[in-house]
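> Compute the structure for the input listed below.
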Amino acid sequence: MSLYDLRYTRAELARAAREGRRPAPKKTRRRITSWQWQVLDCRTGYFSTEIATAEGRARLRGRLDAQRIRGLHRAGHDLVGADIPPVRHRHDALWHAW
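Here you go, the predicted structure:
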């Protein structure tokens, strides 16, 4: 993959300061090879399986938290400090896979 950036060289910054003008950026090209870590370190080889597993775990964690709070409520405990963290969105695992 090739990326183009506009960068200021130290010499251009010094020259522009001496001359009292704005520095002119220089176009530079950077070439990188990008590997997705998920492809290299995927247990099953498929993103969809990893994402579905993570989503299932998040749903289970949410259900267990709700059952715990319901049990505390039925037992007569004060629920002021009880909280259920927000459930992960289904695309969250896809976002972290990249």
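> drop to CA atoms for contacts and neighbour counts, all remaining ones
Noted.
> Enumerate the positions of the helix or strand hosting residue 66 that are buried.
Per DSSP states H and E: residue 66 is located in helix 47-74. Buried residues in helix 47-74, counted by 16 or more other CA atoms under 10 Å: 47, 50-51, 54-55, 58-59, 62, 65, 69.
> Could you identify the most distant pair in those residues?
In terms of CA to CA, these reach their longest pairwise distance at 47 and 69, which sit 33.3 Å apart.
> what about this protein, any weak spots by pLDDT?
Within the chain, the stretches with pLDDT under 70 are 1, 33-47, 87-98.
> what residue of it is the furthest out?
Distance from the centre of the chain peaks at residue 19, with 43.7 Å (CA atoms, centre = their mean).
> list the contacts for that one?
The contact partners of residue 19, by CA atoms under 8 Å, 6 or more residues apart in numbering, come to none.
> mind giving me the domain split of the protein?
1-34, 35-98 (automatic domain parsing).
> Highest mean neighbour count out of these?
Most buried of the domains of the chain, by mean neighbour count (mean count of other CA atoms under 10 Å): domain 35-98, with a mean of 13.
> isn't there a helix covering residue 28?
No - with DSSP: H, G, I helix; E, B strand; the rest coil as the criterion, residue 28 is located in strand rather than a helix.
> quick one: it and residue 4 touch, right?
Yes - Residue 28 is within contact range of residue 4, at 5.7 Å (criterion: CA atoms under 8 Å).
> if we look at stretch 66-75, which residues are touching it?
So stretch 66-75 is contacted by 78-79, 82, 84 (CA under 8 Å, 6+ apart).
> Among those, which one sits closest to residue 12?
residue 84 (55.0 Å).
> What does that closest one show for phi and psi?
Torsion angles at residue 84 (phi, psi; degrees, to the nearest 10) stand at phi -110, psi 120.
> you'd agree it is up against residue 64?
No - counting by CA under 8 Å, residue 84 does not reach residue 64; the two are 9.8 Å apart.
> Any idea how far the helix holding residue 66 is from the middle of the chain?
Chain-centre distance of helix 47-74: 21 Å, with CA atoms, centre = their mean, to the nearest Å.
> ok now stretch 66-76, how far from the chain's centre?
For stretch 66-76, the distance to the chain centre is 33 Å (CA atoms, centre = their mean).
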